[in-house]
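all I have is the shape, not the residue letters:
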Ligand SMILES: *Cc1c(COP(=O)(O)O)cnc(C)c1O
């Protein structure tokens, strides 16, 4: 079933002002999300923050059920966390590593995750190893299998879709290999949540980290963590009065995923993220995946016809992230030029790809489409890139 583009654009009033092709950076929230967030902030101002949270209990619970439904999890496997990086770090930081344990990752891994791995190598003696790419440019599954067979792999940490390139890593097949080898699979689904129809069982991941503001169209400062019940994780690196109970001289940590939450949070943000998840499910994630894929394919095709433009996306399957270089113009300049003309894109820089071989460019223009974008908007982008 298709998407009623007119209806979703009507619920995204900013499309009258800007051509927003920075959905991988931070998308535009639809009206119901904005209303939920602003409504709760106003309620807090009127009756008090704790009182407002009590009154909004059902909406807060709706976050857990809504997000769980979206990714095929159970509500008790979901935690609210303020960003994907924090969510990922909390899960990774709770793995009970022993010195010498191996961690496998991919060349396209997000730099914040890479920093966390290098920090664990320094402080906890784990050995981090980057598995190479296959001919298409995604994680090489045969190489991964060989490394898993060598033994000692505690964690495989991979992004589903990187931030700086339109490639898609074969998450389901990585998940299957990890299960067979008994390694924990940490999936960074920051760009795929809200863009693709995800299911944690099908993906085979033990942990999934995501952010609110990107394809999910939620508020900034929000994200979530999925932790499979029974996943082999130790205690969270941080505990507080909501994640643990004080008992005599010691404490007991909650068993569900909320052990990764902190007591203090933006309740408005949490409610807004729950509404955003429900909104995505209502629009239809399969239809979203299909429309984003076809718009991005269209953009790649049209851009590659422009003289001096090189589309840089790799991989056999592609995401809604379209990256390209323009001969004779820095990505920064193209970004500024487009911005002045009312087209939002962003710049992917070399530090987004810390473990990648030299790909021949230091930066790329990143145009990331969403289901509320149109072919006409893509044409506007292409026309401006020609004029640059
Ligand atoms: C944006 C992004 C992150 C980090 O998300 P934050 O919410 O900013 O912490 C991690 N991984 C990928 C692939 C991303 O695109």
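The structure has been received and is ready for your questions. Just so we're clear, the structure is a prediction, and the values are computed from it rather than from any experiment.

what comes into contact with stretch 111-128?
85, 88-89, 92-93, 97-103, 105, 109, 154, 157, 159, 188, 351-352, 354-355 (Cβ atoms under 8 Å, 6 or more residues apart in numbering). Where you see a C-beta, it was placed from the backbone N, CA and C, and this is true even at glycine.

can you turn the buried part of those into a PyMOL selection?
Buried subset of the contacts of stretch 111-128, written as a PyMOL selection, criterion 16 or more other Cβ atoms under 10 Å:
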select buried, resi 85+88+89+92+93+97+101+102+103+105+109+154+157+159+188+352+354
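
just the contacts of stretch 111-128: which are in helices?
When DSSP state H is applied, the contacts of stretch 111-128 are split such that 85, 88, 89, 92, 93 fall in helices.

what parts of this structure come near the ligand?
With Cβ under 6 Å from any ligand atom as the criterion, the chain meets the ligand at residues 83-85, 110, 112, 159, 162-163, 188, 190-191, 211, 223.

I'd like to know which of those are part of strands.
Judged by DSSP state E, the subset of those located in strands is 159, 188, 211, 223.

list the contacts for the second one?
Counting by Cβ under 8 Å, 6+ apart, residue 188 touches 84, 88, 109, 110, 113, 157, 158, 159, 160, 209.

let's see 6 Å
Contacts for residue 188 (Cβ atoms under 6 Å, 6 or more residues apart in numbering) come out as 110, 159, 209.

give me the distance between it and residue 113.
Distance from residue 188 to residue 113, counting by Cβ to Cβ, to the nearest Å: 6 Å.

residue 225: what secondary structure?
Of the three states, residue 225 takes strand according to DSSP: H, G, I helix; E, B strand; the rest coil.

any idea of the mean pLDDT for stretch 270-287?
For stretch 270-287, mean pLDDT is 98.

what's in contact with it?
Residues outside stretch 270-287 that contact it (Cβ under 6 Å, 6+ apart): 1, 3, 30, 32-33, 36-37, 40, 59, 62-63, 66-67, 70, 80, 194, 197, 212, 216-219, 222.

which of these fall in helices?
Using DSSP H, the contacts of stretch 270-287 in helices are 32, 33, 36, 37, 40, 59, 62, 63, 66, 67, 70.

select only the buried ones of the residues you listed in ChimeraX?
To isolate the buried ones among the ones in helices among the contacts of stretch 270-287 in ChimeraX, judged by 16+ other Cβ under 10 Å, type:
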select :33,36,37,40,59,62,63,66,67,70
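
nearest to the ligand: which residue in the stretch 201-350 of the chain?
Going by Cβ to the nearest ligand atom, the ligand is nearest to residue 211 of the stretch 201-350 of the chain, at 3.3 Å.

tell me which residue is most central in this protein.
residue 190 (0.6 Å; Cα atoms, centre = their mean).

phi and psi next, for that one.
The phi/psi pair for residue 190 (degrees, to the nearest 10) reads phi -50, psi -40.

if I look at the residue nearest to it when sequence neighbours are not counted, how far off is residue 224?
Leaving aside its sequence neighbours, residue 190 sits nearest to residue 84 (Cβ to Cβ, 6 or more residues apart in numbering; 4.6 Å). Distance from residue 84 to residue 224, counting by Cβ to Cβ: 8 Å.

do the same with residue 156
Look at residue 156 and residue 224: by Cβ to Cβ, they are 21 Å apart.

if we can go back for a sec, across the sheet, point out what pairs with the residue of the stretch 201-350 of the chain closest to the ligand.
Using DSSP bridges, the bridge partners assigned to residue 211 are residue 223.

show me the contacts for it.
Listed by Cβ under 6 Å, 6+ apart, the contact set of residue 211 reads 83, 84, 190, 223.

return the member of those nearest to residue 339.
Minimum distance to residue 339 across the contacts of residue 211 is 23.5 Å, recorded for residue 190 (Cβ to Cβ).

residue 83 is in contact with that closest one, correct?
No: using Cβ atoms under 6 Å, residue 190 is not in contact with residue 83, being 9.3 Å away.

buried sites along the longest helix that the chain contains?
Ranked by number of residues, the top helix in the chain under DSSP H is helix 285-304. Using 16+ other Cβ under 10 Å as the test for burial, helix 285-304 gives 285, 288-293, 295-296, 298-300, 302-303.

right, and the helix or strand after it?
Beyond helix 285-304 on the C-terminal side, the first helix or strand identified by DSSP states H and E is strand 309-311.

run through the neighbouring helices and strands of that following strand.
On a contact count with 3 or more Cβ pairs under 6 Å, 6 or more residues apart in numbering; DSSP states H and E, strand 309-311 meets helix 285-304, strand 321-326.

check the offset of the longest one from the chain's centre.
Going back to what we said before, that points to helix 285-304. Taking Cα atoms, centre = their mean, to the nearest Å, the mean C-alpha location of helix 285-304 is offset from the chain mean by 18 Å.

okay, angle between it and strand 321-326 too, please.
10 degrees (axes from the mean of the first three to the mean of the last three Cα atoms, to 10 degrees).

ok, for residue 296, nearest residue in space, not its chain neighbours?
Using Cβ to Cβ, 6+ apart, the closest residue to residue 296 is residue 320 (4.7 Å).

tell me the domain ranges of this protein?
5-29+284-387, 33-282 (automatic domain parsing).

deepest-packed of those, please.
Stretch with highest mean neighbour count among the domains of the chain: domain 33-282 (a mean of 20; mean count of other Cβ atoms under 10 Å).

circling back: and the residue nearest to the centre of the chain, what pLDDT?
On pLDDT, residue 190 comes in at 98.

can you check the one 3 residues further on too?
As predicted, residue 193 sits at a pLDDT of 98.

that one - nearest residue in space that isn't next to it in sequence?
Using Cβ to Cβ, 6+ apart, the closest residue to residue 193 is residue 210 (4.0 Å).

gap between that neighbour and residue 44?
Distance from residue 210 to residue 44, counting by Cβ to Cβ: 26 Å.

what does residue 333 give?
For residue 333, the distance to residue 44 (Cβ to Cβ) stands at 43 Å.

any chance of the contacts of residue 188 in a markdown table, with pLDDT and distance to residue 126 too?
Putting the contacts of residue 188 into a markdown table (pLDDT from 0 to 100; distance: Cβ to Cβ, whole Å) gives the following:
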| residue | pLDDT | distance to residue 126 |
| --- | --- | --- |
| 110 | 96 | 18 |
| 159 | 98 | 19 |
| 209 | 98 | 19 |
